[in-house]
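J.: Quick check, what structure comes out for this input:
(one chain, ligands or ions: 1)
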Amino acid sequence: MKIAIIYASVTGNTKMVAESIKESLKKENIIYFDPVTKDNIDADLFVVGSWTNRGTATNEIINFLKQLENKKIAFFGTAGYGGSEEYYQTLFNRVKENISSSNLLLGYFYCQGKMPLGVRERYINMIKANPADANLLVSLENFDEALTHPDDKDLENAKNWIKEIIKKGGF
Ligand SMILES: Cc1cc2nc3c(=O)[nH]c(=O)nc-3n(C[C@H](O)[C@H](O)[C@H](O)COP(=O)(O)O)c2cc1C
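T.: Next up, the predicted model:
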């Protein structure tokens, strides 16, 4: 079975997850491992990943997913806001809208990914200006919670996730 792992990562979180998935599949035939650089990759299974940009995957990943037909696809992502399966489901549902029903979707995996420190500074300034805004405090808490992710557990979970997919997919 030919596997392509394709991902978009700006600050390295999604790349870390992609590397773990690759390591977990080291006995398989990985024919492509890279950020999206070309279409027409001839693989049986596409493992596609993206960081979350304003509630969905990046444009390049969405465009890549849109052109896939009659393929097996597994999707992984990282997101700054984490901890809730419900949130991850919402994110994936948005990604899924871009995948043709001719494909077989084998599953998805998300974990939290740290955000740039500039975002924290912005929260601090906003809290100074609006000290009564409880949502801002929650955002700051979430930012700090994200700082250690993806952690070893996340990466282990990603490895187990893709192993299960390979097992269940009957490859
Ligand atoms: C411009 C921008 C928009 C973002 N939008 C979201 C978002 O809508 N939801 C979310 O959970 N995280 C959001 N994030 C956080 C990133 O998805 C998260 O930190 C991710 O792990 C970054 O992955 P990377 O290191 O692979 O680039 C955003 C980050 C940036 C810089």
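
J.: Tell me the confidence at G170?
T.: In this model, G170 is scored at 68, pLDDT.

J.: quick one, phi psi at the residue in the chain that the ligand sits nearest to?
T.: Nearest residue of the chain to the ligand (Cβ to the nearest ligand atom) works out as G113 at 2.0 Å. Placement of C-beta: from N, CA and C, glycine included. Here is the backbone geometry of G113 (degrees, to the nearest 10): phi -140, psi 130.

J.: That one: what's it in contact with?
T.: By Cβ atoms under 8 Å, 6 or more residues apart in numbering, the contact set of G113 is T11, N13, T14, W51, T78, A79, G80, G82, A146, H149, P150.

J.: Could you tell me how many residues sit around the second one?
T.: Around N13 there are 25 other residues, counting by other Cβ atoms under 10 Å.

J.: How about it: what's its closest non-neighbour residue?
T.: Spatial nearest neighbour of N13, chain neighbours left out: G113 (3.2 Å); criterion: Cβ to Cβ, 6 or more residues apart in numbering.

J.: Quick check: the one you found vs A129, distance?
T.: Between G113 and A129 the computed distance is 27 Å (Cβ to Cβ, to the nearest Å).

J.: Show the contacting residues for the closest residue to Y87 other than its chain neighbours.
T.: Computed as Cβ to Cβ, 6+ apart, the closest residue to Y87 that is not its neighbour in sequence is Y81, at 6.1 Å. Applying Cβ under 8 Å, 6+ apart, we find Y81 in contact with Y87, Q112, N142, A146.

J.: Now render the residues you listed as CSV, adding distance to N70 and pLDDT.
T.: CSV is the format used below for the contacts of Y81 (distance: Cβ to Cβ, whole Å; pLDDT from 0 to 100):
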residue, distance to N70, pLDDT
Y87, 31, 96
Q112, 33, 97
N142, 39, 95
A146, 37, 97
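
J.: Adding secondary structure and neighbour count, write those out as JSON lines.
T.: Below are the contacts of Y81 laid out as JSON lines (DSSP: H, G, I helix; E, B strand; the rest coil; neighbours: other Cβ atoms under 10 Å):
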{"residue": "Y87", "secondary structure": "helix", "neighbour count": "15"}
{"residue": "Q112", "secondary structure": "strand", "neighbour count": "24"}
{"residue": "N142", "secondary structure": "helix", "neighbour count": "16"}
{"residue": "A146", "secondary structure": "helix", "neighbour count": "23"}
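
J.: which one of these is nearest N157?
T.: Q112 (11.3 Å; Cβ to Cβ).

J.: pretty sure that closest one is touching A146, no?
T.: Yes. Q112 lies in contact with A146 (Cβ atoms under 8 Å); the separation is 5.0 Å.
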